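Colleague: my questions concern the predicted model and sequence given below.
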Amino acid sequence: MNQSIPEKIKKNIPHKALDVFNKFTKVGLEIYLVGGAVRDLLLGQKNIVDLDFTTNATPKKIQSLFFKSFYDNQYGTVKVPYKKDVIEITTYRSEKEYTDFRHPNQVTWGKTIEEDLSRRDFTVNAIALGPNKKPKTKDQQPTIKLIDSFNGQKDLKDKIIRCVGNPDKRFGEDALRILRAIRLAIKLEFEIEPKTFTALTKNVSLLNNISGERIREELFKILLDKNIDRGFQLMKKAKILDKILPEVTKGYGMKQKGHHLWNVWKHSVLTVKYCPSIDPLVKLAALLHDVGKPVVVKDIDGERTFYNHEVIGASIARNIGQRLRLANKDLDRLTRLVRWHQFSVSEKQTNKAVKRFIRHVGKENIDDMLDLRTGDRLGSGAKETSWRTEEFKKRLIEVQKQPFTVTDLKVNGRDVMKILKISPGPKVGQALNEIFEKVDNDKLPNERKILLKEIKLLK
């Protein structure tokens, strides 16, 4: 179904898209902008960045039009550097059989844009925007048209996420679409059409065939969405979490006592929502910070306890991180955040205790931990902060000015050897350790003159 595009939408089409259109129409080839870019344009968004194109030109022909382009895949996608960006142009294609529920066994070049759109995931992503045929004169600009064979515009207007064609077939082709449906629904604040949601729920087990990396990519995007709570409600309802995060589901309905207003599950989701970090790994730590509670829960004399839940939770978080194929550095950070989230902010803490907290968490992770604490408080129904927390933040700054290791001392091994007139060896290290122990326990200031005098006393 060909339609003209409204002027208010046309003026928001990125210039680089128009440049691509002109390059293809001049040689008589078809070219269309597709996917999320078209959807977002129709929703009135501006400054569209991610552009995907489809064309009747073969990869070889596409490359002949763009000298610096590169093509290294079997799916007909040519990547073209454009100023500081890279745009992707893919030949029309049709796909057959998805035995791994992710990639087609066979890709063949399609003949029409309609055929290409029929293989896409959701109707709101199956709208194409492109130029009409080559203008009759050089000065004449091609008009812009829409191809909407699956009523995607109507679903945009009705705020509906609906699969293109048979939803069972769409999810069977690519099981990752199950998570994408959730992400798109919360991002756009749309409802998932009933038949699509039923098929999504029925095919959840297909997620077992998807790699941890791909699950992680979609999960991280959901964790960063402002509507994270709705996203997890949908995933709970569809039993998606039973497949990708079964450890979290144990917190469903588990009541807490004390300062908590909510059960473990609701508290965890709200902690993510209110955690101010924009780092998805910190958001994941916020989700998992109490994941150990269902394992250690005990009811003693009418009181519910969760002793050492942070220790057990850190182990569970590490297993989840490994399943999601986190890099070792990220795995360590996730584990630290969960393990040490239950920290005290008492004004009675010694500097040594504050230093110990910093060593456990890592200097580079302090801000992340404080963000998690903010989410934890708000997710418990408490205020964002307290005077004790604010004082603790000040102490963190001050204490970090103090030495944390021997190498932070204002004296070194050369000073020890010179003053004590000894050669390199174990005694040098023993002397420095003795000095550091006194500084670390606030018995000596980390001032060079004073430490040099202290070395002399070690004779």
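Modeller: Noted; the coordinates are in hand.
Colleague: contacting residues for residue 115?
Modeller: 92, 94 (CB atoms under 8 Å, 6 or more residues apart in numbering). All C-beta atoms are positioned from the backbone trio N, CA, C, and that covers glycine.
Colleague: correction: the previous question concerned residue 270.
Modeller: So residue 270 contacts 229, 262, 375, 378, 379 (CB under 8 Å, 6+ apart).
Colleague: most surrounded residue in these?
Modeller: Of all those, the highest neighbour tally under other CB atoms under 10 Å goes to residue 375, namely 28 neighbours.
Colleague: host element of it?
Modeller: helix 366-378 (DSSP states H and E).
Colleague: give the buried residues for that helix.
Modeller: Going by neighbour count (16 or more other CB atoms under 10 Å), the buried part of helix 366-378 is 366, 368, 369, 370, 371, 372, 373, 374, 375, 376, 377, 378.
Colleague: return the item of the contacts of residue 270 having minimum pLDDT.
Modeller: Ranked by pLDDT, the contacts of residue 270 bottom out at residue 262, which has 76.
Colleague: any idea how far the residue nearest to that one when sequence neighbours are not counted is from residue 404?
Modeller: Of all residues beyond its chain neighbours, the one nearest residue 262 is residue 270 (6.7 Å), with distances taken as CB to CB, 6 or more residues apart in numbering. Distance, residue 270 to residue 404, by CB to CB, to the nearest Å: 35 Å.
Colleague: now swap in residue 311 and tell me
Modeller: Distance check for residue 311 against residue 404: by CB to CB, it reads 24 Å.
Colleague: one more: residue 175?
Modeller: For residue 175, the distance to residue 404 - CB to CB - is 48 Å.
Colleague: who has more neighbours out of those two?
Modeller: Shown here are residue 175 and residue 404; by other CB under 10 Å, residue 175 has more neighbours (24 against 14).
Colleague: quick revisit: is the residue nearest to residue 262 located within a helix, as I assumed?
Modeller: Yes. Residue 270: assigned to a helix according to DSSP: H, G, I helix; E, B strand; the rest coil.
Colleague: from residue 257, how far off is it?
Modeller: 17 Å.
Colleague: repeat for residue 54
Modeller: Distance, residue 54 to residue 257, using CB to CB: 57 Å.
Colleague: contact partners of stretch 337-348?
Modeller: Stretch 337-348 is contacted from outside by 282, 285, 288-289, 291-292, 309-311, 313-314, 317, 357, 360-361, 365, 368-369, 372-373, 376, 386, 388-389, 391-392, using CB under 8 Å, 6+ apart.
Colleague: now go through those residues and say which are in helices.
Modeller: 282, 285, 288, 309-311, 313-314, 317, 357, 360-361, 368-369, 372-373, 376, 388-389, 391-392 (DSSP state H).
Colleague: which of those residues are buried?
Modeller: 282, 285, 288, 309-310, 313-314, 317, 357, 361, 368-369, 372-373, 376, 392.
Colleague: for residue 271, which non-adjacent residue is closest in space?
Modeller: Residue 271 sits nearest to residue 379 (CB to CB, 6+ apart), 3.5 Å away.
Colleague: contacts only, for the one you found.
Modeller: Residue 379 makes contacts with 262, 267, 268, 269, 270, 271, 272, 273, 274, as judged by CB under 8 Å, 6+ apart.
Colleague: what is the nearest of the buried ones among the ones in helices among the contacts of stretch 337-348 to residue 196?
Modeller: Nearest to residue 196 among those: residue 288, at 29.4 Å, using CB to CB.
Colleague: state the pLDDT value of the closest one.
Modeller: As predicted, residue 288 sits at a pLDDT of 97.
Colleague: quick one: it and residue 216, what's the gap?
Modeller: On the measure of CB to CB, residue 288 and residue 216 end up 13 Å apart.
Colleague: got any residues that touch both of these two?
Modeller: Taking CB under 8 Å, 6+ apart as the contact rule, residue 288 and residue 216 touch no residue in common.
Colleague: would you map out the domains in the chain?
Modeller: 2-158, 159-244, 273-399, 406-456 (automatic domain parsing).
Colleague: can you check which of these gets nearest to residue 251?
Modeller: Going by CB to CB, the one of those nearest residue 251 is domain 273-399, 5.6 Å.
Colleague: how close does residue 296 get to residue 313?
Modeller: 9 Å.
Colleague: revised request: answer the last question for residue 239.
Modeller: Taking CB to CB, one finds residue 239 at 23 Å from residue 313.
Colleague: just residue 371 next, same as before
Modeller: 18 Å.
Colleague: what's around residue 190, how many residues?
Modeller: Around residue 190 there are 19 other residues, counting by other CB under 10 Å.
Colleague: which member of the buried residues of helix 366-378 is positioned nearest residue 114?
Modeller: Of all these, residue 375 has the smallest distance to residue 114: 46.9 Å, by CB to CB.
Colleague: that closest one and residue 271 touch, don't they?
Modeller: Yes. Residue 375 lies in contact with residue 271 (CB atoms under 8 Å); the separation is 4.2 Å.
Colleague: which neighbours do these two share?
Modeller: By CB under 8 Å, 6+ apart, the residues touching both residue 375 and residue 271 are residue 286.
Colleague: got the residue ranges for the strands in the stretch 301-450 of the chain?
Modeller: Along the stretch 301-450 of the chain, the segments classed as strands by DSSP state E, counting those that start in this stretch run 303-305.
Colleague: sorry, back to before: dump the buried residues of helix 366-378 into JSON lines; add distance to residue 69 as well.
Modeller: Below are these laid out as JSON lines (distance: CB to CB, whole Å):
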{"residue": "366", "distance to residue 69": "45"}
{"residue": "368", "distance to residue 69": "40"}
{"residue": "369", "distance to residue 69": "45"}
{"residue": "370", "distance to residue 69": "46"}
{"residue": "371", "distance to residue 69": "42"}
{"residue": "372", "distance to residue 69": "44"}
{"residue": "373", "distance to residue 69": "48"}
{"residue": "374", "distance to residue 69": "46"}
{"residue": "375", "distance to residue 69": "44"}
{"residue": "376", "distance to residue 69": "49"}
{"residue": "377", "distance to residue 69": "51"}
{"residue": "378", "distance to residue 69": "48"}
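Colleague: for these, work out which two are farthest apart.
Modeller: Farthest pair in the buried residues of helix 366-378, by CB to CB: 366 and 378, 19.1 Å.
Colleague: and residue 402, how close does it get to residue 450?
Modeller: 14 Å.
Colleague: higher neighbour count, the two?
Modeller: Taking neighbours as other CB under 10 Å, residue 402 and residue 450 compare with residue 402 leading, 17 against 13.
Colleague: wait, doesn't the more buried one sit right on residue 352?
Modeller: No. With contacts defined as CB under 8 Å, residue 402 does not count as touching residue 352, sitting 9.8 Å away.
Colleague: what about the nearest residue in space to residue 360 that is not next to it in sequence, how many residues nearby?
Modeller: Once flanking residues are discounted, residue 360 sits nearest to residue 340: 4.9 Å by CB to CB, 6+ apart. For residue 340, the neighbour count with other CB under 10 Å is 18.
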